[in-house]
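Enquirer: take a look and give me a structure for this.
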Amino acid sequence: MSDTLSRLKELLVKRLRLNIGTDGINEDTTLFGPDSLGLDSVDVLELIVGIKKEFGVEITDREVAERIFTSVGSIAGFIEEQK
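Expert: Predicted structure coming up:
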């Protein structure tokens, strides 16, 4: 999973133009709320498109999205499950 996690962190930083380096993101980093990456709904849509392009994994179900878009690790785990 470390390769997936590394690629996901790169995707987050580059695609969402985050003001943080990949070394500032770990599996437990949350996407929303205090002490998080501070993402919003537009960022999530951009991330869904990026995940499809980078990993070939589609996220079309709202319930799935709500479950996995809690932390960087939960997204990486979902991507691994779908491979």
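Enquirer: could you use CA atoms for every contact and neighbour count after this?
Expert: Noted.
Enquirer: so who does V13 touch?
Expert: N19, I20, G21, T22 (CA atoms under 8 Å, 6 or more residues apart in numbering).
Enquirer: quick check: the last one vs L16, distance?
Expert: I take that to be T22. Distance check for T22 against L16: by CA to CA, to the nearest Å, it reads 12 Å.
Enquirer: again, but for I75
Expert: Where L16 is concerned, I75 sits at a distance of 15 Å (CA to CA).
Enquirer: likewise for L47?
Expert: L47 is 8 Å from L16, where distance means CA to CA.
Enquirer: need the CA coordinates for stretch 47-66. PDB is fine.
Expert: Coordinates of each C-alpha in stretch 47-66 appear next as PDB, following Å, rounded to 0.1, in the frame of the first residue of the first chain:
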ATOM      1  CA  LEU A  47      -9.900  14.300  -6.300                       C
ATOM      2  CA  ILE A  48     -12.400  11.800  -7.700                       C
ATOM      3  CA  VAL A  49     -11.400  12.700 -11.300                       C
ATOM      4  CA  GLY A  50      -7.700  12.500 -10.300                       C
ATOM      5  CA  ILE A  51      -8.100   9.100  -8.700                       C
ATOM      6  CA  LYS A  52      -9.900   7.800 -11.800                       C
ATOM      7  CA  LYS A  53      -7.000   9.100 -14.100                       C
ATOM      8  CA  GLU A  54      -4.200   8.000 -11.800                       C
ATOM      9  CA  PHE A  55      -5.400   4.700 -10.500                       C
ATOM     10  CA  GLY A  56      -8.300   3.700 -12.800                       C
ATOM     11  CA  VAL A  57     -10.700   3.500  -9.900                       C
ATOM     12  CA  GLU A  58     -14.100   5.100 -10.200                       C
ATOM     13  CA  ILE A  59     -16.000   6.400  -7.200                       C
ATOM     14  CA  THR A  60     -19.700   6.800  -8.200                       C
ATOM     15  CA  ASP A  61     -21.600   6.000  -5.100                       C
ATOM     16  CA  ARG A  62     -22.200   8.800  -2.600                       C
ATOM     17  CA  GLU A  63     -22.200   6.500   0.400                       C
ATOM     18  CA  VAL A  64     -18.900   5.000  -0.600                       C
ATOM     19  CA  ALA A  65     -17.400   8.500  -1.100                       C
ATOM     20  CA  GLU A  66     -18.700   9.600   2.300                       C
END
